[in-house]
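Participant: what's the 3D shape of this:
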Amino acid sequence: MHILILSCRKATLLIEKSQAMPLGIIDKLQLRVHLKLCDGCNQYQKQSLFIEDLLRKDTKNFSDPDKLKLSEKSKSLIQKVIEENLKK
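Facilitator: Okay, here's the model as predicted:
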């Protein structure tokens with residue numbers, strides 16, 4: 001059973017890794033189990049996916065790192081969501 005238990009540090013690494021490439025079966029299973037048990041990492045995943053989605057929508061040429069910049073509207077939206085979640 002201990003093979004399925006991840007630290008929060010490893011879980012957040014897998015959350016970010018999963019947005020860049022598919023996870024292996026073991027990593028996917030470990031992350032799924034961890035997210036069922038950890039509200040903090042579950043919230044982190046939601047926020048990370050939200051920011052990633054904004055970046056994808058906001059960027060015309062995702063392959064050019066020099067052009068990766070959020071619009072002021074997206075920055076304001078991210079800040080608003082973070083502040084609302086901090087109040088909870």
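
Participant: report the buried residues of the longest helix seen in the chain.
Facilitator: Ranked by residue count, the top helix of the chain under DSSP state H comes out as helix 39-58. Residues of helix 39-58 classed as buried: Cys41, Tyr44, Gln45, Ser48, Ile51, Leu54 (neighbour count, 16 or more other CB atoms under 10 Å). Bear in mind the C-beta positions are built from the backbone N, C-alpha and C, glycine included.

Participant: name the nearest residue to the most centrally placed residue in the chain, sequence neighbours excluded.
Facilitator: Centroid-nearest residue in the chain, with CA atoms, centre = their mean: Ser48, separated by 2.4 Å. In this structure, Ser48 finds its nearest non-sequential neighbour in Ile15, 5.6 Å apart by CB to CB, 6 or more residues apart in numbering.

Participant: ok so, going back, my read: the residue nearest to the centre of the chain touches Ala20, true?
Facilitator: No: with contact defined as CB atoms under 8 Å, Ser48 does not reach Ala20; the gap is 11.4 Å.

Participant: low-confidence ranges in the protein?
Facilitator: Applying pLDDT under 70 to the chain flags the ranges 1-4, 58-68, 88.

Participant: and with 50 instead?
Facilitator: 1 (pLDDT under 50).
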